[in-house]
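Novice: Sequence first, then the predicted structure, then my questions.
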Amino acid sequence: MISFIIPAYNEEQLLGRTLTALTAAARALAEPFEIIVVDDASTDRTAAIAREHGARVVSVAHRQISATRNAGARAATGEMFLFIDADTVVNERAVAAAVAAMRAGAVGGGCAFRFDGRLPFYARVMGAVALPLYRLLGLASGCFLFCTRAAFQAVGGFDERLFGAEEAAMSRALHRQGRFVILRESVTTSGRKLRAYSAREVLGLLARLAVSGRKAVRKREGMEIWYGERRPDPEPAAEVLDRPL
C-alpha cells in the first residue's frame, strides 16, 4: 500500500488540481494506494474538496507543519509514504520513480521541482540555484518527500520542534538510516509566495534563517511567509492553471 499524505491549510483554490493529478498518477501504478489530506484548522472548503476527490480527511488544529505531516503518517496504513504539498502537481513518472526507488532499497528521497506561473527575476534566480543546491546537499523539497514507513518510524517522524525547514531535518535524519535519493524526475509546485512577497522580504527572511540557524525555525514568529495571513497571488489562479505545467 502506498500512502500519499497532503498537509493543507485553506487550500481550496489549488487542492483540487493537486488531487486530480495525484489520483491519475497513483492509478497508473495499478497497485493499492490511499490519499490522506490533513486539514489543519482550515476555514474554507479544503476538507470538502478533499472528500469530493475521494481523499480521506484527517482534521487537526496544529498550525505547525511538522505536527500536521506526522498526523497524516499516524493515520496512514501503507508501507510507503509520499508527502506532497497541497499546491503541488505530481505526475506518473515522479510517483513511479519514488516507489521504484523504495522497492530497490532506498529509505527515502525527493525529486526535482519547478515553480508554476510567471516569477519575478529574483525568484527565477533563486529557482535556478535551489535545485542544484538541493541535489548537492542531498535534500528533498517539502513539496515532494518520500520514505518507507520503517525509516519514518526509525527517525521518529518530522521534528515537531520546527516550524520550517522540517524537510531538510528529515532528509538528514533519513540519510543516517540508509540510501537517500534525489530523483531526476520533477514535479511542479506553486510559485504564489514568490509572486506575493517582494525580493526584500523573501531574501531578508532567508538571511535571518541563515544567521540564526535552527533557532529561527523553532518559533512561528518571523515565519510569516508560511504562517501569516495568505496574500493573494498577483497572477490569477486561472492564468496559472491554464499555462502548461
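Specialist: Perfect, I can see it now. This one's a predicted model, so the numbers in the text were calculated from it and none came from an experiment.

Novice: Could I get the full set of helices for the protein?
Specialist: Taking DSSP state H, the helices of the chain run over residues 15-27, 46-52, 65-75, 92-103, 121-137, 149-155, 166-175, 192-196, 199-212, 224-227, 237-242.

Novice: and the second one, average pLDDT?
Specialist: This means helix 46-52. Mean pLDDT, taken over the full extent of helix 46-52, equals 98.

Novice: And for the fifth one?
Specialist: For helix 121-137, the per-residue pLDDT values average out at 86.

Novice: Report how many residues lie close to the closest residue to T68 other than its chain neighbours.
Specialist: Distance criterion CB to CB, 6 or more residues apart in numbering; nearest residue to T68, sequence neighbours excluded, is P7 at 4.2 Å. Yep, even glycine has a C-beta here, placed from its N, CA and C like the rest. If you count neighbours by other CB atoms under 10 Å, P7 ends up with 28.

Novice: got it, and the one 3 residues further on?
Specialist: A count of nearby residues for N10, using other CB under 10 Å, gives 17.

Novice: mind showing which ranges of this structure have poor pLDDT?
Specialist: Residue ranges of the chain with pLDDT under 70: 236-245.

Novice: who's in contact with the residue nearest to T68?
Specialist: Applying CB atoms under 8 Å, 6 or more residues apart in numbering, we find P7 in contact with 38, 40, 65, 68-69, 72, 83, 85-86.

Novice: how about a cut-off of 6 Å?
Specialist: 38, 68-69 (CB atoms under 6 Å, 6 or more residues apart in numbering).

Novice: ok, L174 to G127 distance?
Specialist: Separation of L174 from G127 (CB to CB, to the nearest Å) stands at 24 Å.

Novice: more neighbours, these two?
Specialist: L174 (26 against 15).

Novice: Make sure that one is actually in contact with G108.
Specialist: Yes - here L174 reaches G108: they are 4.4 Å apart, a contact under CB atoms under 6 Å.

Novice: Sounds good, over and out.
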